[in-house]
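*Asks:* The amino acid sequence is not available; the structure is as follows:
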Ligand code: NAP
């Protein structure tokens, strides 16, 4: 076996592939040879730009709008991947939002929005993808969780619960589908330089970075490389794991 982490002849679906970490994963996978479905919800232009960037480098990609918090839209998204590229080898559950607030002030709607977008979406897309992967007896499911799901963050009960839920979901599903040669893993990023951090004040971010032994924010590309590793043939014997890509923040 070569050790190139090639994704040649694979079809990948990246939820929230229009911006940030998902965009970096879509570009990394395409550069390694995968055909990529770039899912977006509210940013059609950004998603089309990712597709154009992949295509102009000679790769295959297509964008598809779906709110992955919605079961039927997630099903339609997976169907689109199967019909457009003739299969689905790799699912990346990346779409996510924050609605930070202390619990005393957190509206119920913000709890629901974060749990639905980050955690229910993971169930929605994985259920649809697993149906196909079980038949093919192979597959990769990768969820982009967070250190918040391992350590907990004040002001993020909703987000931490959604990410902790993704991690537990990963372990349970990994045991369920291992016999069909499907691996299920999670990545737990720390602070990564994307728009999701724009809600944090500079003071909060500066204080947060003091908790990072490597002393800086991560780059989206550094998360994308971890995703490419889990997606690769070389990672065939790894399942149910959580890889921290967090500058050493959470040493579990
Ligand atoms: P981002 O730059 O804000 O991008 C979020 C992406 O999710 C966008 O592509 C967005 O698409 C998509 N999205 C949001 N709601 C969606 C929905 N209902 N359906 C489909 N797509 C949806 O955030 P990011 O930093 O790249 O975050 C990506 C993932 O990494 C998230 O799960 C996040 O929790 C996790 N993470 C991030 C950090 C960090 O510091 N950046 C740390 C740990 C974990 P549209 O714009 O098209 O709506």
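*Replies:* Thanks, I have the structure now. None of the values given here were measured: they were computed from a predicted structure.

*Asks:* wait, doesn't residue 163 sit right on residue 122?
*Replies:* No. Counting by C-beta atoms under 8 Å, residue 163 stays clear of residue 122, with 10.0 Å between them. Backbone N, C-alpha and C define where each C-beta goes, glycine included.

*Asks:* quick one: low-confidence parts of the stretch 151-252 of the chain?
*Replies:* Of all residues in the stretch 151-252 of the chain, none has pLDDT under 70.

*Asks:* What parts of it come near the ligand?
*Replies:* 189, 191, 192, 194, 195, 196, 197 (C-beta under 6 Å from any ligand atom).

*Asks:* how about a cut-off of 8 Å?
*Replies:* Counting by C-beta under 8 Å from any ligand atom, the stretch 151-252 of the chain comes close to the ligand at 159, 162-163, 188-197, 217-218, 220, 223, 246.

*Asks:* residue contacts, residue 169?
*Replies:* Applying C-beta atoms under 8 Å, 6 or more residues apart in numbering, we find residue 169 in contact with 119, 122, 123, 126, 143.

*Asks:* for the stretch 51-200 of the chain, what spans make up the strands?
*Replies:* 61-65, 90-93, 139-144, 182-189 (DSSP state E, counting those that start in this stretch).

*Asks:* now the helices for the stretch 151-252 of the chain?
*Replies:* In the stretch 151-252 of the chain, the helices defined using DSSP state H, counting those that start in this stretch lie at 157-177, 202-209, 220-231.

*Asks:* Nearest to the ligand: which residue in the stretch 51-200 of the chain?
*Replies:* Ranked by C-beta to the nearest ligand atom, the top residue of the stretch 51-200 of the chain for proximity to the ligand is residue 96, at 2.2 Å.

*Asks:* Burial check on that residue, number of neighbours?
*Replies:* Residue 96 has 26 neighbours, counted by other C-beta atoms under 10 Å.

*Asks:* wait, isn't it in contact with residue 115?
*Replies:* No. Counting by C-beta under 8 Å, residue 96 stays clear of residue 115, with 11.1 Å between them.
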